[in-house]
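Asks: Starting from these lines, generate the structure:
(chains A and B)
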Amino acid sequence: MREVGRVRWVSGPVVKARLRVPLGLLEQVWVGGERLAGEVIASEHGEATVQVYEETSGLRPGEPVWSDGRPLEVELGPGLLGQTFDGIQRPLERLLRGGRGIDRGAAADALPERAWPFEPCVEPGLELPGGALLGAVRETELIEHRVLVPPAVGGRLTWIAPAGEVARDATVAVLTAPDGTAHEVGLVQRWPVREPRPVRRRLDATRPIVTGQRVLDTFFPIAVGGAAALPGPFGAGKTVLQHSLAKGCDAQVIVYVGCGERGNEMAQVLAEFPALTDPATGRPLLERTILVANTSNMPVAAREASIFTGLAMAEYYRDMGYHVALMADSTSRWAEALREIAGRLEEMPAEEGYPAYLPSRLAAFYERAGVVETLSGARGSVTIIGAVSPPAGDVTEPVTQHTQRFTRALWSLSRDLASARHYPAIGWEASYSFYGDAVAGWWEAEGGEGWTELRHAAAQVLEQDARLEPIVRLVGSEALPDRQRWVLEAARLLKEGYLRQNALHPVDAACPPRKQVELLRLFVRLFELGRDLVAAGVPLVRLRRALDTRRLLRLKESVPNDDPSAVTAALAELERDLAALRAGAPAPSGRDDAEVPT
Amino acid sequence: MRARIDVLGASRIEGPLLVLEGFGRAAYGELVEVLGAGEPRLGEVLASSDEAAVIELWGDTAGLAPERLRVRFRGETLRVPVATEMLGRVFDGLGRPRDGLPPPVAERRVDVHGSPINPVARAYPQDAVHTGITAIDLLNTLVRGQKLPLLSGAGLPHNELAAQIALQARVAQPDERFAVVFVALGSSHDTAAFFRERFEASGLLSRTALFLNLADDAPMERIVTPRVALSLAEHLAFDHDYHVLVLLTDMTNYAEALRELAARKNEVPGRKGYPGYLYTDLATLYERCGRLRGGAGSLTQIPIVTMPGDDITHPVPDLTGYITEGQVVLGRALSRGGLYPPVDVLLSLSRLMKDGIGEGRTRADHAAVAAQLYAAYARVQEVRNLATVVGEAALTPTDRTYLAFGRTFEERVLQQDGDEIRSIDASLDLGWQALSELPAEELTRVGEEELRAHYRGRLHGRVGAAEVPGEEDDGERR
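Replies: Have a look, this model is predicted:
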């Protein structure tokens, strides 16, 4: 690190420095006597504009600026999982020593200093390209950390560490390039945060991320490697849903970026996750999770960086061949950070004060989602779920609008549903997903036969219900014929018994695929059976009386997740009961109050 | 930092900004005193370069002549003294005594901007504050360390409710160290006097520090006032283990001062002219609350936001709602109908409630009862809308039971006196009393056992007794 210039101008998180040594764009610098971390965002005529990731009060003109000539980087290696970082990858737990706040200029290595049991999987003498597998470290019980040749390095393997303990900073392999230069490869590698990690090629998405949320998996599925946006007004349950997804979805690694959100929410994640276990393995969920926490009161420039810090770590695990899900809550706060910095730079504002490059930044972010063939030939993916917080719930604002252009699933949260405490409050009219066809094959095979038809049929019920709703509001449901009242009733059961899900219930919090399909089958069949009965002249009163709705509505909670056969049994029982009703039904022209034979 | 420097004369004054050309040694954020005409005025450095310094003055700049000023750079950012002996005192918006008594002896001098709490240092708030108010305890439970705003409108009794929360919260936890920090932001003298009298009458005043930036005080000072007050609140909560309740009234005035300042600085305006960083700015206030790992104290905030035109989508209540952990919304129609507290239950929400209630904290059936009351009351609104169109007589019997439930809910459950303290058990029992107006099959959000234990309505169908739902419910034919 050397001194490269002096502060000339300072206002908030933006500092201009007069340089003695030229600096490149996106190079990392340290500003002032306290060595505040920053990044060069513009550089011309011997002057650099720096965004500083820490509070700058007290900084004055003339203070020195340092650089080591490298861009802002993340440290990648074993020990990332289970940790909580700030927006520029400082480990928050290890910064605690300084008291409740974060001291300015505080620095700590992202990765813990410890030794790891290394297991090599290649022999010296092999020609290894960038991205090739060298060996593995058991990072947590859930995740084997695969040690890869860095993307830009390649050559003949001349030495590899034997099986055994390897210190964090030790060399694990030496590669000799064709020109004879030797590259030492360590357990820990560095990567520029803003640069996407290279892959061999992108692949098509064919299977879903099972979120465990029935409304999403059924109607608005997201494919592995897909991108979804989650807009909603405050109080509609964005964060609770993001938490549910982080806990319940079937990605192998979760990167959760709390970007400009509440401190108490991060405290909740930190309190909850260590106690939660992965249903498949019984291990703590934290063993597959990386948290990035840059709360709303933390410096705004680091909030802008936090998304990329999270992405770089997500791509690193993707390159090992894992399916990674990145949750960003909330991308609106990230966009606001962009706006604030643009304002300090006196850039020309476009829509609502946001800089004109907002859409291209959003595109660059969401386009980093995808299923890929990694440099080592493995299959890995990054799936992105970005929460959006539109001011006043107005979805015509720029962040929501541009986000929709780059995501193929939109999970729109509805204030009306939230007010009625119908969670997850995904409005089925405003939401959509283009991944339905891509994942249908998987669902038919793994979830249950008929998934495609069932979801269409269920969507039809909701659609008919939506069409009846304005009429009901005007004249009341009593004025409708039985046929239509049954639609209302069946839709209510579908919403209550299937779509509504209790994030706090031990069983209902996440619903596995087979149970989802069986439940869906039950409610769709119920609608069809009832519809046929009503058409056959059975009065709605009698149909209702034959139904034990309380029991049907509680199936989602009462039936164990690993054995949905009770749902199938309930359906069989239902079919029998209703068939009995039909046997006793009068002819369609018959009187409504005819006796039911027993 | 370093020693103070005096500079004679400024280059120019632009609104609240003072520009000193040729002075290149100011630190960003440094505290500045301007002497020369009457009382010294305070401000801070907004931008500093090696050629000039731009200073933002919090007081009025009228009557200042740039060339005749003495500008004193204090060599530090704005720091204020904090001490437990500040309880029972009255201060102005910059933390100077307003009660004629000498300044308090500082235990510490702290930067008013505080420092963001490391998220890892926080403890998740889980202890319910018992306020004795059903609309809050039962339906929107306040938790120690939470920030729960009252979103209200002009003329609604938000001040009464805020004072009641402060007084009754203290009564319910008599043994613990409890303190109130009251912050007036552009409020009227009457409002400040109202709170003062309520606190005095209940003997709480000795546990209260009042920071008053009243309507006729300099609006720019308003930017600093909540920061000064929160510095004391943090000191009490985190250094002295107090349970501190901070009341901020009114955040809309604060945001307006911020907008005025932004406009005078020629910043790019965002929605309704508020600066684009309003969210971040509000967050630096609201986030100064919570609990710490290993600490016994807590800092709970109740900011009051009067929504201009009762519009919840206005930037100030909207952004507040995005930062705070829920909101208590007061409704004008309810208030007009004579209901107190006029809490619009369906728009209100306490995000931290779920972990502060239940077995061992309040009562096992709390979550289910609250969820059921919400769902049923949401249905009441639909039925009421329908009834206004088709008339009550045309409703189904089930719908009519909802109307009955709605009345009981508002008149017996929500309604309560301004000094009435209800136990959580009493509130829950009232909730069940209202739910008992509804047929059991409508209560899908409570469990069978809870229903058996508390439900006092007709138990029929497969719940409990063997009776089948009456034909009268759906039996009428056309």
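Asks: okay, CA-based contacts and neighbour counts for the rest of this
Replies: Noted.
Asks: quick one, what contacts the residue of the stretch 101-250 of chain A found nearest chain B?
Replies: Closest contact between the stretch 101-250 of chain A and chain B, by Cα to the nearest Cα, is at A:Gly101 (4.5 Å). If you count contacts by Cα atoms under 8 Å, 6 or more residues apart in numbering or on different chains, A:Gly101 has them with B:115-118.
Asks: Quickly list what it is bridged to.
Replies: With DSSP bridges as the criterion, A:Gly101 is bridged to B:Ile117.
Asks: tell me, how many neighbours does B:Ala53 end up with?
Replies: 25 (other Cα atoms under 10 Å in any protein chain shown).
Asks: what comes into contact with the helix or strand that it is a member of?
Replies: Assessed by DSSP states H and E, B:Ala53 sits inside strand B:52-57. The contact list for strand B:52-57 (Cα under 8 Å, 6+ apart) reads B:16-26, B:32, B:41-48, B:220.
Asks: out of these, which are buried?
Replies: Buried residues within the contacts of strand B:52-57, counting neighbours by 16 or more other Cα atoms under 10 Å in any protein chain shown: B:16-21, B:23-26, B:32, B:41-48, B:220.
Asks: of those residues, list those near chain A.
Replies: B:24-26, B:46-48 (Cα under 8 Å from any Cα of the partner chain).
Asks: now, which of those sits nearest B:Leu428?
Replies: B:Leu46 (53.0 Å; Cα to Cα).
Asks: could you check the angle strand B:52-57 makes with the strand or helix carrying the closest one?
Replies: Using DSSP H and E, B:Leu46 maps to strand B:41-49. Between strand B:41-49 and strand B:52-57, the angle comes out at 150 degrees (axes from the mean of the first three to the mean of the last three Cα atoms, to 10 degrees).
Asks: Against which helices or strands is strand B:41-49 packed?
Replies: strand A:2-11, strand B:30-35, strand B:52-57 (3 or more Cα pairs under 8 Å, 6 or more residues apart in numbering or on different chains; DSSP states H and E).
Asks: Buried residues, the helix or strand following the longest one. List them.
Replies: Pointing back at strand A:2-11 there. Sequence-wise, the next helix or strand downstream of strand A:2-11 (DSSP H and E) is strand A:14-19. For strand A:14-19, a neighbour-count test (16+ other Cα under 10 Å) marks A:14-19 as buried.
Asks: Any idea how many residues pack against B:Gly337?
Replies: 9.
Asks: And B:Asp190, by the same measure?
Replies: 10.
Asks: how close does it get to A:Ala115?
Replies: Remark: distance between B:Asp190 and A:Ala115 (Cα to Cα, to the nearest Å) = 66 Å.
Asks: Can you list the strands that the strand holding B:Leu46 pairs with?
Replies: strand A:2-11 (antiparallel), strand B:30-35 (antiparallel), strand B:52-57 (antiparallel).
Asks: Let me have these in a markdown table, extended by distance to A:Val149 and mean pLDDT.
Replies: Formatted as a markdown table, those follow (distance: least, Cα to Cα, whole Å; pLDDT from 0 to 100):
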| stretch | distance to A:Val149 | mean pLDDT |
| --- | --- | --- |
| strand A:2-11 | 30 | 93 |
| strand B:30-35 | 49 | 91 |
| strand B:52-57 | 51 | 91 |
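Asks: Which of these sits closest to B:Arg412?
Replies: Closest among those, using Cα to Cα: strand B:52-57, at 52.2 Å.
Asks: if we can go back for a sec, would you reformat the buried residues of strand A:14-19 as JSON lines and include pLDDT and distance to B:Glu234?
Replies: Shown next, in JSON lines, are the buried residues of strand A:14-19 (pLDDT from 0 to 100; distance: Cα to Cα, whole Å):
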{"residue": "A:Val14", "pLDDT": "90", "distance to B:Glu234": "28"}
{"residue": "A:Val15", "pLDDT": "94", "distance to B:Glu234": "30"}
{"residue": "A:Lys16", "pLDDT": "94", "distance to B:Glu234": "34"}
{"residue": "A:Ala17", "pLDDT": "95", "distance to B:Glu234": "36"}
{"residue": "A:Arg18", "pLDDT": "95", "distance to B:Glu234": "39"}
{"residue": "A:Leu19", "pLDDT": "93", "distance to B:Glu234": "41"}
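Asks: Pick out whichever of those sits closest to A:Glu55.
Replies: For the buried residues of strand A:14-19, the nearest to A:Glu55 is A:Val14 (10.2 Å; Cα to Cα).
Asks: what's in contact with the longest helix belonging to chain B?
Replies: As assigned by DSSP state H, the longest helix anywhere in chain B is helix B:366-390. With contacts defined as Cα under 8 Å, 6+ apart, helix B:366-390 is touched by A:419-421, A:473-476, B:138-139, B:345-346, B:354, B:357-358, B:394-395, B:399, B:402-403, B:405-406, B:428, B:431-432, B:435, B:443-447.
Asks: Next, find the distance separating A:Val188 from A:Arg288.
Replies: Taken as Cα to Cα, the span from A:Val188 to A:Arg288 is 19 Å.
Asks: Look at those two and report which has more neighbours.
Replies: A:Arg288 (23 against 19).
Asks: and the closest residue to the more buried one other than its chain neighbours, bridged to which residues?
Replies: Closest residue in space to A:Arg288, ignoring its immediate chain neighbours: A:Val253 at 4.9 Å, by Cα to Cα, 6 or more residues apart in numbering or on different chains. Bridge pairing for A:Val253 (DSSP bridges) gives the partners A:Val324.
Asks: Let me see the domain layout of chain A.
Replies: Domains of chain A are assigned by automatic domain parsing as A:2-71, A:112-187, A:201-446, A:448-583.
Asks: Which of those sits closest to B:Ser231?
Replies: B:Ser231 lies closest to domain A:201-446 among those, at 14.8 Å (Cα to Cα).
Asks: ok, back up a step: what's the most distant pair in the buried residues of strand A:14-19?
Replies: A:Val14 and A:Leu19 (15.6 Å).
Asks: hang on, the earlier thing: of the buried residues of strand A:14-19, which is the nearest to B:Tyr274?
Replies: A:Val14 (21.1 Å).
Asks: Just give the closest residue to that closest one, not the sequence neighbours.
Replies: Per Cα to Cα, 6+ apart, closest to A:Val14 is A:Gln51, 4.8 Å.
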